[in-house]
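Participant: here is a sequence with its predicted model. Questions after.
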Amino acid sequence: MKKILLSTSLFLFAITNVIAQGLEGIVVEKYYISDANDQSVNSVGGVLPVGSVTYRVYADLASGYQFQAVYGDANHELRLETTTLFFNNEDRGAPFPTFSKNFCDDNTVMLDSWVSVGAACANNFGVLKSNDDGVATVVNNDGVLQNNNPLMGIPLTQQDGFLAGVPQPVTAVNITALETMLDAQNDGTNGPSFSTNNGSWASLNGSTGADPLVNHVLLAQITTDGIFSFKLNLQIRNTTNLQVENYVAQNPIGNEIFEPTLTYSSTGLNLQAINSTVRINLFPNPTADKLMVEMRSTESREYFISDLTGSVVMSGSLSEATGSIDVSNLASGSYFFLHKDSGSVRKFVKM
C-alpha cells in the first residue's frame, strides 16, 4: 500500500478558509497539461487539444467528517463550466470513474472528465500527486501522458494520484444532463456548462479520504482547453455526533455556511458570471500585433488576457469603448480575453 507523504506542491491551487466547522476548503490540483505528443492517440481516445488542462477538485475535510453530497437546490445553483468543451475519453470514458486501473495505461483514459465521491477508478482512491509516493505508478502503453511541464507540478510518470482501496460509489440524482455531457463522446455536446437547482451527486454511505487524517475527498476530474469554473454546494457529516453541515457558494440561509472556495475559476480570478451579457468583439482574429477590442459596456473596461492554462499574461484597461491592445510580444497561440467585472470571455489567436 502506498504511504501518504505530508508534503505540498507549489502547483497546488488551494484557498483555505479557517473555520471551526468540518469543511476546511476546496483544493484544485492541476493534474496534467497535454502536449502535441498526446495527440498521437486521438483516433482511439478522442481529440485532445494541445494545452488541455486536467483539474482534480477535492473537498478538504477535517478529521472525523464524511462527505455526503455536492448539490444544487432552489436557492443555490450547482454549476460546472468551461469556455470551450470538456474532454471525454472515447475508449473508456464515463461520467463516473468506474473503469478498472488496468485500462489506465491505455491512450488518454487517465484524463477522462467525470465526477466522483472519492474514487479515481475502480478500487482506487484519487489522491493529490503530492500525497502519492510513486509506488505502482501507471506506465502508459502508448508513450503518451509524458509531459513534465512545471506548471502542472509532479509528472504523471512519477506520481499518478491513485491509491488502492475501496471508495464509495456515486449516487446520481437529477443530473442526467451532466452524465450525458461527460459520457464517452466528443461530438460538440460535451459542454460548455452544466447547471442545476435540483440535482446532486452523492455518497449514500458517506465518503472519507484515502487517509482519514488528511481527509481529501476527490469530487471531480475535468479536462478542458478552456477556462474551467465551478460553483458548488456541499453537505458533510460529523461522524461522532452525526450533525450535518451544509456549505454554500453564496447567499447562506439559516444554518448554511458560506464558503468562498466553493466558487472557482482557473484564471485565478473570482469570476461569478462567465456567461455575462456584456458584448465584446475582437478583431482582427487571428492577429499578428494589434488586437482591436469593442466593449459595449458601461462598466469598468479593465481586462485580463490569459493563456490556455489560465495564467494571466497581460492586464490593463481600455479608456474608450473601442480600443487597441499591443499583443506583439505574446508568443504565437490561443488566448482568452476576459472582462474583469463580468467575467465575459472571448478567445483569440496570436499569429
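Facilitator: Perfect, thanks for sending it.
Participant: what residues are up against Thr223?
Facilitator: Residues counted as contacts of Thr223 (C-beta atoms under 8 Å, 6 or more residues apart in numbering) are 32, 34, 48, 52-55, 86-87, 111-113. In short, each C-beta sits where N, CA and C put it, glycine included.
Participant: okay, and which of those residues map to strands?
Facilitator: Cross-referencing those against strands under DSSP state E gives 32, 53-55.
Participant: closest to Gly25 out of the residues you listed?
Facilitator: The closest of the ones in strands among the contacts of Thr223 to Gly25 turns out to be Tyr55 (C-beta to C-beta; 15.5 Å).
Participant: the helix or strand hosting Ser324 pairs with which strands?
Facilitator: Using DSSP states H and E, Ser324 sits in strand 322-326. According to DSSP bridges, strand 322-326 forms sheet pairs with strand 290-296 (antiparallel).
Participant: so what touches the strand it pairs with?
Facilitator: For strand 290-296, contacts defined as C-beta under 8 Å, 6+ apart pick out 278-285, 301, 303, 318, 321-328, 337, 339, 348.
Participant: that one: which residues count as buried?
Facilitator: Neighbour-count burial for strand 290-296 flags 291, 293, 295 (criterion: 16 or more other C-beta atoms under 10 Å).
Participant: what of stretch 88-101?
Facilitator: Here stretch 88-101 shows 88-97, 99, 101 as buried, counting by 16+ other C-beta under 10 Å.
Participant: kindly report the same for stretch 163-173.
Facilitator: 163, 165, 167-170, 172.
Participant: out of the residues you listed, flag the one nearest to Ala210.
Facilitator: When the buried residues of stretch 163-173 are compared for distance to Ala210 (C-beta to C-beta), Leu163 wins out at 4.6 Å.
Participant: doesn't Asp132 make contact with the closest one?
Facilitator: Yes: here Leu163 reaches Asp132: they are 6.7 Å apart, a contact under C-beta atoms under 8 Å.
Participant: pull the most distant pair out of the ones in strands among the contacts of Thr223.
Facilitator: Spatially, the most separated pair among the ones in strands among the contacts of Thr223 is Tyr32 and Tyr55, at 9.2 Å (C-beta to C-beta).
Participant: tell me which of the two has more neighbours.
Facilitator: Neighbours were counted for Tyr32 and for Tyr55 using other C-beta atoms under 10 Å; Tyr32 has more, 27 against 21.
Participant: which residues touch that one?
Facilitator: Residues near Tyr32 by C-beta under 8 Å, 6+ apart: 53-54, 110-111, 145, 147, 152, 156, 223.
Participant: go with 6 Å
Facilitator: 54, 152, 156 (C-beta atoms under 6 Å, 6 or more residues apart in numbering).
Participant: contact partners for the residue nearest the centre of the chain?
Facilitator: Nearest to the geometric centre of the chain sits Tyr55, at 4.0 Å (C-alpha atoms, centre = their mean). By C-beta under 6 Å, 6+ apart, Tyr55 lies in contact with 28, 222, 228.
Participant: what are the bridge partners for the residue nearest to Pro192 when sequence neighbours are not counted, then?
Facilitator: Closest residue in space to Pro192, ignoring its immediate chain neighbours: Thr82 at 5.3 Å, by C-beta to C-beta, 6 or more residues apart in numbering. Beta-bridge pairing for Thr82 (DSSP bridges): Phe228.
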